[in-house]
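heads up, no residue letters with this:
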C-alpha cells in the first residue's frame with residue numbers, strides 16, 4: 001500500500017457570557033510519529049494570541065501544547081493544523097494464547113498498562129462482560145477481535161447519549177454511548193483478564209474512498225483500544241468493529257481519556273460561564 005497523506009484541521013471555539021480574565025489550556029491535538037505513521041507535522045494556533053505557549057512530550061510520548069491567555073476575552077479559538085503520512089496496514093491477528101501473554105506480562109514493562117486508571121477502576125461487571133471472549137488457550141488476536149465485535153453488537157452508538165464525564169457503569173446500564181465509551185469498555189475488559197491495554201485518541205478519514213462506507217466517528221475526534229499481544233501492540237476499533245488501518249490517524253495514547261483529552265483548561269472570571277462551544281474536524285486525504 002502506498003503511503004497516504006492527510007491534512008487535518010481541528011477547530012474548537014468557546015463563547016463566554018462575560019469577560020474572562022485569564023484562560024489556561026492544554027491540548028493533545030498534534031499527531032505523533034510512530035510505526036505506521038512515519039511523519040506528523042503540525043501547529044496549534046490560539047486566538048486571542050496567548051501570552052505564553054509551549055509544546056512538550058508527556059510521560060506517554062504524546063505531543064502536548066500548553067497555553068495561557070491573560071488578556072480579557074469573550075471568545076477563545078484553538079485551531080490545530082496537521083499533515084500526517086500514514087502507511088498503516090492491519091497485521092494478521094496474533095495467534096499466541098492470550099493466557100500465555102497474560103502470564104508473561106508479570107515480568108514485562110508493559111505490566112503498567114494492566115493496572116486500573118483514573119477513569120477505569122476494576123469493576124466486577126466489566127470482568128463478567130469480558131469473560132466469554134477469553135476462554136483458556138484462545139489466540140489473543142481472535143479474543144480481542146471477538147471482544148470488539150461483542151461491544152459493537154451489544155451497545156448502540158448514540159451521539160449525545162453520554163458525556164466526557166460518563167462512567168463504565170453508565171454505559172453498562174444505559175446500553176448506548178459513543179466511541180470514547182466503547183474504547184473505555186474494551187480497555188477495562190482487557191485489563192480485567194490481566195492483559196495490557198491502552199486508550200487511543202485519534203481521527204478517522206472524513207470522506208472515505210469511493211465505494212467505502214463512512215465510519216462512525218469520522219466527523220469528530222475518535223477513540224479505540226490498543227492491546228499488548230506479546231510481540232507488539234494490536235489496535236482495534238470497537239465502535240466500528242474494525243481493525244485499525246490506513247483511514248486512522250493516531251493523536252495520543254494513554255491509560256484512559258483523562259490522560260489524553262483533545263483540550264482541557266481552566267478560566268478565571270468574576271462570573272463568566274461557557275455559553276456555547278463548537279468543534280469542527282476535517283481529515284482529508286491529499287490528492288496526488
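Perfect, I can see it now. Predicted model only: the values in this text are computed from it and were never measured. Numbering: from 1, shown residues only.

could you point out where the stretch 1-150 of the chain is predicted with low confidence?
Residues of the stretch 1-150 of the chain meeting the criterion pLDDT under 70: 1.

same thing but at 90, please
Segments of the stretch 1-150 of the chain classed as low confidence (criterion: pLDDT under 90) are 1-2.

now the helices: where do they sit in it?
Under the criterion DSSP state H, counting those that start in this stretch, the stretch 1-150 of the chain contains helices at 98-104, 124-130, 140-154.

Save these as CSV, and put in distance to residue 233 and mean neighbour count too.
Backbone N, C-alpha and C define where each C-beta goes, glycine included. Shown next, in CSV, are the helices of the stretch 1-150 of the chain (distance: least, Cβ to Cβ, whole Å; neighbours: other Cβ atoms under 10 Å):
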stretch, distance to residue 233, mean neighbour count
helix 98-104, 12, 18
helix 124-130, 19, 16
helix 140-154, 11, 20
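
Can you check which of those gets nearest to residue 283?
Closest to residue 283 of these, according to Cβ to Cβ: helix 140-154, at 21.6 Å.

who does the closest one touch, helix- and strand-wise?
Under the contact criterion of 3 or more Cβ pairs under 8 Å, 6 or more residues apart in numbering; DSSP states H and E, helix 140-154 touches helix 98-104, helix 179-192, strand 222-228, strand 233-237.

Identify whichever of the ones you listed lies nearest to residue 119.
Closest approach to residue 119 among those is made by helix 179-192 (6.5 Å; Cβ to Cβ).

what helices or strands is that closest one leaning on?
Using 3+ Cβ pairs under 8 Å, 6+ apart: helix 179-192 touches helix 124-130, helix 140-154, helix 168-174, strand 197-204, strand 222-228.

Please dump the ones you listed into a markdown table; it should also carry distance to residue 29 for every row.
Shown next, in a markdown table, are the helices and strands packed on helix 179-192 (distance: least, Cβ to Cβ, whole Å):
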| stretch | distance to residue 29 |
| --- | --- |
| helix 124-130 | 30 |
| helix 140-154 | 26 |
| helix 168-174 | 26 |
| strand 197-204 | 10 |
| strand 222-228 | 13 |
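
Nearest to residue 286 among the ones you listed would be which one?
Of all the helices and strands packed on helix 179-192, strand 197-204 sits nearest to residue 286, with 14.5 Å by Cβ to Cβ.
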